[in-house]
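Visitor: dropping the sequence and predicted coords here.
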Amino acid sequence: MLRPGDRIGDWIVDGVLGEGGMGAVYRVHSVLTGRLEAALKVMKPSLEPEARARFVREAEALSLLRHPSVVRVMGFGEDETRHLLYLAMELAEGATLKARLAGGPLPLPDVLRVFRPLASALEYAHDSGIFHRDLKPANVVLLYDGTIRLVDFGVAAAQSAETLTRTGHLGTLAYLPPEVFRGSRPSPGPLDVYGFGLMLHEAITGVRPFVVDPDLTPAAAAAAVGVRKLNQAAVDPGDHAPEPLRSAVLRATDPDPAQRPAMKAMRAMLDETARALAAGAPSAPVTLGVPAPPPWGNDPGLDNTTRVPDMPRTDKVPRKWSDRRSVDRRRGRRWLGATLMIGGAAVLGFLLTWGLTRRAGSRELPEAAEASPSPAPSAPARAEARPAPPLRATPRPSPSPLPTPVADAPSPLPEPTPPLLLPTPRPSRAPVFVPTPIAPAPDEEEDVERVPPPEDEPPFPEPTPSPR
């Protein structure tokens, strides 16, 4: 991105110190004087939406920390011409802890000289509400004067800040805790303690507990490392390690994050080990077993910060392989109980449905019998007691189902009744009396006068003709 002699902000580029997937680090000096040097970290243009926010988060986190073992921020800004974000930090010349561990384990005095100030820096950061979240040997720089610097707070998070990563978790596979692969959102404090414990184990034994196969894809590598971490107990450095250091590693790498100590307790165990060695002669400074590469040298892809996809939530995995049989038995009993409960509920539902159906069918039969209309009587009882006088009328059309007046009939007519109402949607249980019309006699006269009805009964309404 930049070449020697290029100017970015108030700095002039001298050369490249290291380059990674997300950015590059350059050795620079001030435009005002060549004696003021710094390490300038520049973010590469990225299509990832969280890359810019993560870079700004690193600048915010480092600007809040003032500790001798934390790299110091000297400036932060954006180049308006190239649209590049940059972060100027103190120039920490030395080698990474990863490069030193490539030559074998550290002597015990060197372990204490590296990890005591590192624990102090992390304790100070945690007390300030800042969590690194990507601890690994490549982010610890061993300076030539024997001091250390903790660098690369790109994945750091403030306790009160919103989480940047919406999907998955950013970190290095070999140093992430088991809860990440269990599908739960890890707490940043125990996450840092777990990475610190793995680095301490590697410094004592020279062996990395979880090695990533370089031939696997990122998804397959995450799955392989996750299975191993979910089924392995706490990491043990062995009997040759002093008891305080061994206890610190075992407690820090506990699969249960609630059982891990705070960073203050980790520093106390390291101080206890140092006091136990205080009676001996002072140890020599840290010696680098390999040539000193740049402080932000090109790390292999196995140690790159990657995104671990969100895993489905699972039950807590046992710490020993011998416990898996009991867990499988418990899960089998749970499945059997669940199957029996579901089957019983299905049978009970079927019996209830069958009973309700039979009960509804038995109710419909009497109602159907009651709803059927009974046959109308041939003549009302009142008409038999008091016959109506004969009528002589001319047949006329009627718009209603009322009986049409007819001529004199040889038999008496029933008493006229009021017009019938239209039937309701549900037939009434009371019987409906329908008068039976009588055909007119052919020998009667057509024009006759209506005989008025008795005084004790209302007059029969005369039908009105309706147009056809």
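Guide: Sure, I can see it. Here the structure is a predicted model, which is why all the values come from computation and not from measurement. Numbers count the residues shown, from 1 in each chain.

Visitor: all the strands of this protein, residue numbers only.
Guide: 7-8, 11-19, 23-30, 37-43, 73-79, 84-89, 94-96, 130-131, 140-143, 148-150, 157-158, 169-171, 306-308 (DSSP state E).

Visitor: just put those strands in JSON lines and tack on mean neighbour count.
Guide: From N, CA and C alone the C-beta is placed, and that goes for glycine too. Shown next, in JSON lines, are these (neighbours: other C-beta atoms under 10 Å):
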{"stretch": "strand 7-8", "mean neighbour count": "17"}
{"stretch": "strand 11-19", "mean neighbour count": "18"}
{"stretch": "strand 23-30", "mean neighbour count": "21"}
{"stretch": "strand 37-43", "mean neighbour count": "22"}
{"stretch": "strand 73-79", "mean neighbour count": "17"}
{"stretch": "strand 84-89", "mean neighbour count": "22"}
{"stretch": "strand 94-96", "mean neighbour count": "24"}
{"stretch": "strand 130-131", "mean neighbour count": "24"}
{"stretch": "strand 140-143", "mean neighbour count": "22"}
{"stretch": "strand 148-150", "mean neighbour count": "23"}
{"stretch": "strand 157-158", "mean neighbour count": "18"}
{"stretch": "strand 169-171", "mean neighbour count": "21"}
{"stretch": "strand 306-308", "mean neighbour count": "19"}
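
Visitor: is it possible to export the ones you listed to TSV including mean pLDDT?
Guide: Shown next, in TSV, are those (pLDDT from 0 to 100):
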stretch	mean pLDDT
strand 7-8	93
strand 11-19	90
strand 23-30	91
strand 37-43	91
strand 73-79	90
strand 84-89	91
strand 94-96	91
strand 130-131	88
strand 140-143	94
strand 148-150	94
strand 157-158	49
strand 169-171	65
strand 306-308	50
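
Visitor: need those in a markdown table (columns: distance to residue 218).
Guide: Below are the strands of the chain laid out as a markdown table (distance: least, C-beta to C-beta, whole Å):
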| stretch | distance to residue 218 |
| --- | --- |
| strand 7-8 | 32 |
| strand 11-19 | 20 |
| strand 23-30 | 20 |
| strand 37-43 | 21 |
| strand 73-79 | 30 |
| strand 84-89 | 26 |
| strand 94-96 | 23 |
| strand 130-131 | 24 |
| strand 140-143 | 24 |
| strand 148-150 | 26 |
| strand 157-158 | 22 |
| strand 169-171 | 12 |
| strand 306-308 | 6 |
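
Visitor: quick one: closest of these to residue 62.
Guide: Among the strands of the chain, strand 73-79 comes nearest to residue 62, with 4.4 Å by C-beta to C-beta.

Visitor: what sits up against the closest one?
Guide: By C-beta atoms under 8 Å, 6 or more residues apart in numbering, the residues outside strand 73-79 that reach it are 8-11, 38, 59, 62-63, 84-90.

Visitor: repeat that with 10 Å
Guide: Contact with strand 73-79 is made by 2, 6-11, 30, 36-43, 52, 55-56, 58-66, 84-91, 153, as judged by C-beta atoms under 10 Å, 6 or more residues apart in numbering.

Visitor: quick check: angle from that strand to strand 11-19?
Guide: 100 degrees (axes from the mean of the first three to the mean of the last three C-alpha atoms, to 10 degrees).

Visitor: pairing partners for strand 73-79, with directions?
Guide: With DSSP bridges as the test, strand 73-79 is paired with strand 84-89 (antiparallel).

Visitor: the strand it pairs with vs strand 23-30, what angle?
Guide: Angle of strand 84-89 versus strand 23-30, following the same axes, to 10 degrees, is 60 degrees.

Visitor: flag the shaky bits of the stretch 301-450 of the chain, pLDDT-wise.
Guide: 301-332, 361-450 (pLDDT under 70).

Visitor: and the stretch 101-250 of the chain, by the same measure?
Guide: Applying pLDDT under 70 to the stretch 101-250 of the chain picks out residues 154-170.

Visitor: residue 20: neighbouring residues, count only.
Guide: Neighbours of residue 20 under the rule other C-beta atoms under 10 Å: 18.

Visitor: swap that for residue 64, please
Guide: Neighbour number of residue 64 under other C-beta under 10 Å is 16.

Visitor: cool, and the one 5 residues further on?
Guide: Burial measure for residue 69: 21 neighbouring residues, criterion other C-beta under 10 Å.

Visitor: pull the contacting residues for it.
Guide: Counting by C-beta under 10 Å, 6+ apart, residue 69 has contacts 114, 116-122, 124-125, 140-141, 147-150.
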